[in-house]
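Visitor: Got a sequence here, can you model it:
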Amino acid sequence: MISIIIPVYNQAISITKTLESLLKQTYQNFEVIIVNDGSTDNLEGVLENFFATVKSGNNFLILHHKNQGAPAARNRGFKEAQGEYLLFCDADAVLDHRALALMLQALEAQPLASYVYSSFMWGHKLFKLGPFDAEKLQQTPYIHTMSLIRRQDFPASGWDVGIKKLQDWDLWLTMLEGGHQGYFIDQVLFKVKTGGHISSWLPAAAYKLLPFLNNVKKYKTAVNIIKAKHNLL
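Guide: Predicted coordinates:
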């Protein structure tokens with residue numbers, strides 16, 4: 001079974017589309033754990049209305065959590081997870097109807113891989129990723145949070161609640177240090193609504209040509225924090 005963990009903070013407007021995409025999956029052996037991270041936008045009412053109109057054989061659990069950020073919310077959801085596979089899903093993502101089936105199929109076919117990941121769309125922009133490369137991963141973040149992970153290989157420490165940006169990069173580096181690698185699925189398996197956690201995305205050239213931009217400065221600071229933690233400076 002796959003445990004799908006969704007941290008939510010003031011995303012009532014988008015989470016129903018995420019849930020609808022999960023209900024349309026060709027693979028249906030999953031549970032969904034929604035962690036309300038102190039939302040103030042009537043998330044409870046939206047979820048209540050949604051589930052009142054939905055018929056599903058899947059288990060949906062809603063947890064209410066004091067606002068502490070996505071890493072803490074994900075850890076809270078993980079504590080309740082029952083599946084042997086984990087998918088930390090964004091509350092503004094819509095999955096291809098074959099996403100769970102293809103990810104599980106790929107992971108089962110790659111016994112040496114601890115997780116599988118795919119390309120994705122952010123609005124109208126394609127983020128085309130590539131084959132797993134440990135050296136590349138140590139230099140730059142390129143694997144999205146929404147990857148299917150073997151529970152047995154997920155770090156006992158969970159998500160680092162002290163990391164505010166590039167949390168997924170920190171997780172994959174932690175797993176790499178434990179001898180766990182990923183496997184790339186060369187397909188686009190989900191799309192993310194613009195305005196979410198990568199809403200400050202800039203073209204690669206901007207990070208070299210426009211170092212004075214506030215977003216560039218914040219990004220470089222975040223990169224240095226991650227590299228210092230993992231002794232990559």
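Visitor: what secondary structure does the residue nearest in space to the middle of the chain sit in?
Guide: When C-alpha atoms, centre = their mean is applied to the chain, the residue found nearest the centroid is residue 145 (2.8 Å). Under DSSP: H, G, I helix; E, B strand; the rest coil, residue 145 falls in the coil class.
Visitor: That one touches residue 88, doesn't it?
Guide: Yes: here residue 145 reaches residue 88: they are 5.5 Å apart, a contact under C-beta atoms under 8 Å. For glycine as for every other residue, the C-beta is placed from the backbone atoms N, C-alpha and C.
Visitor: tell me which element the nearest residue to the residue nearest to the centre of the chain once chain neighbours are set aside is part of?
Guide: Nearest residue to residue 145 in three dimensions, chain neighbours excluded: residue 168, at 4.1 Å (C-beta to C-beta, 6 or more residues apart in numbering). Using DSSP states H and E, residue 168 maps to helix 167-177.
Visitor: tell me which residues of that helix are tucked away?
Guide: 167, 168, 169, 170, 171, 172, 173, 174, 175, 176 (16 or more other C-beta atoms under 10 Å).
Visitor: go on, stretch 10-22?
Guide: For stretch 10-22, by 16+ other C-beta under 10 Å, it's 10, 11, 12, 14, 15, 16, 18, 19, 21, 22.
Visitor: I'd like to know which of those is nearest to residue 181.
Guide: residue 22 (26.9 Å; C-beta to C-beta).
Visitor: mind checking the SS state of the closest one?
Guide: helix.
Visitor: So it sits against residue 31, correct?
Guide: No: contact criterion C-beta under 8 Å: residue 22 and residue 31 do not qualify, at 10.4 Å.
Visitor: Overlap in contacts, these two.
Guide: 4, 58 (C-beta atoms under 8 Å, 6 or more residues apart in numbering).
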